[in-house]
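>>> Got a sequence here, can you model it:
(2 chains)
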Number of protein chains: 2
Amino acid sequence: MTPAYKLTYFDRQGAAECIRFLFKYGGIDFEDIRITKEEWPALKHKTPFGHLPFLEHKGKIVTESVSICRYLGKIANLASNDDWENLEIDSIVDTIYDMRYQSIKVVRMEQDASRKKTMKEKSLNEIIPNYFTRLEAVVEKNNGYLALGRLTWADLYFVSMCPGFDYFAGGDVFEKYPNLKALRTKVEALSAIKEWIRVRPQSEY
Amino acid sequence: MTPAYKLTYFDRQGAAECIRFLFKYGGIDFEDIRITKEEWPALKHKTPFGHLPFLEHKGKIVTESVSICRYLGKIANLASNDDWENLEIDSIVDTIYDMRYQSIKVVRMEQDASRKKTMKEKSLNEIIPNYFTRLEAVVEKNNGYLALGRLTWADLYFVSMCPGFDYFAGGDVFEKYPNLKALRTKVEALSAIKEWIRVRPQSEY
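Numbering: from 1, shown residues only, chains lettered A, B, ... in the order given. The predicted structure follows:
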């Protein structure tokens, strides 16, 4: 049977990896379509806002990875039935999204080599440590998780981003943050995630 | 009676205005705390991640304006009970968030005057028109709204951002987009929003 969900992204982890984590964790079948850079220009015009990833389901297409993760987080029982509790999850996820944008994405988009270097140093020495220190305290306070004192889709979102931070830093960026490191180990050891990491197409981040 | 919600932000519309819209639309009492730039450094360290706005409720503090809006959107009956429908709302809201970040926020953060000018031109001539053209088509297809063919919190979110786009463009940025313009007019004419706009503290955006 054709899967009910079709995910389209590049052949790497990036913004789609948490979506794949959630499909796997929830035991939901999906088609994992990976396009090449050469195929992208022709496809770009057909997407809602010119971005990847997008998800197709029942003839509809939606974009925005965090929104898609929230939807799958509910289906996979990694959200809450309480609105305020979902706000606590969302708030942490948006914080991580902002952190990644401010520290990694702005550096990637910068064309000027000298400015790129300065910005990267600021990311590694200021922006990331500032966020990580605060996130470390959140996890310590929350029974080893990012929200609600238990596993939620916020944890899968964070862990799916870890290889991107490692790659950006050129090493283990979590060394100084034992609670974040333990959270990563714990999520990567979940049986569905562990198996996915074992079989997924190889890419650095 | 002290309101159950306390919102803290600067004395302007910005990222907090949609939160205020939703409180007003939902008839929910809230304390609208507005701090000065002089007060901010002392407060910054006490916030979860060093950012405004934040919301206090029952002894808890949460940040991230979009997350807060989603929560209030549910309470104010401007969301859906269906997960996929909420994904459609979320997807449009995140698209608008990204658009604002890529077009306005990056320009504001740029220090170099010459680069700032080039980036602003790109925002006004490329990024904003590209998004607005696609959003215009979405509204046309959706019965005059951004999602689900009816009023949702995505519409209030978009309209709360409009003065920021006007200010950035130095004029009516919606002139070429009749469907977006009509949506703005319609939301600003909702009785609770109309009254709030009449009485709120004056600021350009």
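
>>> Regarding A:P129, what are the backbone dihedral angles?
phi -60, psi -40 (degrees, to the nearest 10).

>>> Now do the contacts for it.
With contact taken as CB atoms under 8 Å, 6 or more residues apart in numbering or on different chains, A:P129 is in contact with A:K176. Backbone N, C-alpha and C define where each C-beta goes, glycine included.

>>> ok, now with 6 Å
Applying CB atoms under 6 Å, 6 or more residues apart in numbering or on different chains to A:P129 gives no contacts.

>>> And for A:V93?
The neighbours of A:V93, taking CB under 6 Å, 6+ apart as the test, are A:154, A:157.

>>> Over to the one 3 residues further on?
Counting by CB under 6 Å, 6+ apart, A:I96 touches A:F158.

>>> Also A:G73?
Going by CB under 6 Å, 6+ apart, A:G73 touches A:79, A:153.

>>> And the pLDDT for A:V173?
What the model reports as pLDDT for A:V173 is 86.

>>> Quick check: chain neighbours aside, which residue is closest to it?
Nearest residue to A:V173, sequence neighbours excluded (CB to CB, 6 or more residues apart in numbering or on different chains): A:F165, at 4.7 Å.

>>> helix or strand for that neighbour, which one?
Here A:F165 sits within helix A:153-169, counting by DSSP states H and E.

>>> Report the residue ranges of every domain in chain A.
The record's domain split for chain A, according to automatic domain parsing, is A:5-77+A:192-199, A:83-189.

>>> right, so of the ones you listed, which gets closest to B:V66?
The closest of the domains of chain A to B:V66 is domain A:83-189. By CB to CB, the value is 6.1 Å.

>>> Mind listing what's buried along the helix holding A:F165?
Buried residues in helix A:153-169, counting neighbours by 16 or more other CB atoms under 10 Å in any protein chain shown, are found at A:153-165, A:168-169.

>>> looking only at pLDDT, what's the mean for that helix?
If you average the pLDDT over helix A:153-169, you get 96.

>>> After that helix, heading C-terminal, what element do we hit next?
helix A:178-188.

>>> Who are the packing partners of that following helix?
Counting contacts by 3 or more CB pairs under 6 Å, 6 or more residues apart in numbering or on different chains; DSSP states H and E, helix A:178-188 packs against helix A:128-141, helix A:153-169.

>>> quick one on the thing from earlier: wait, isn't the residue nearest to A:V173 in contact with A:D172?
No: applying CB atoms under 6 Å, one finds A:F165 not in contact with A:D172, separated by 9.3 Å.

>>> The helix or strand of chain A with the lowest mean pLDDT vs chain B: in contact?
When each helix and strand of chain A is scored by mean pLDDT, DSSP states H and E, helix A:106-109 comes last, with a mean of 90. No: using CB under 6 Å from any CB of the partner chain, helix A:106-109 stays clear of chain B, coming no nearer than 7.4 Å.

>>> So for that helix, what gets flagged as buried?
A:106-107.

>>> Touching it from outside, list them.
With CB under 6 Å, 6+ apart as the criterion, helix A:106-109 contacts A:119-120, A:123.
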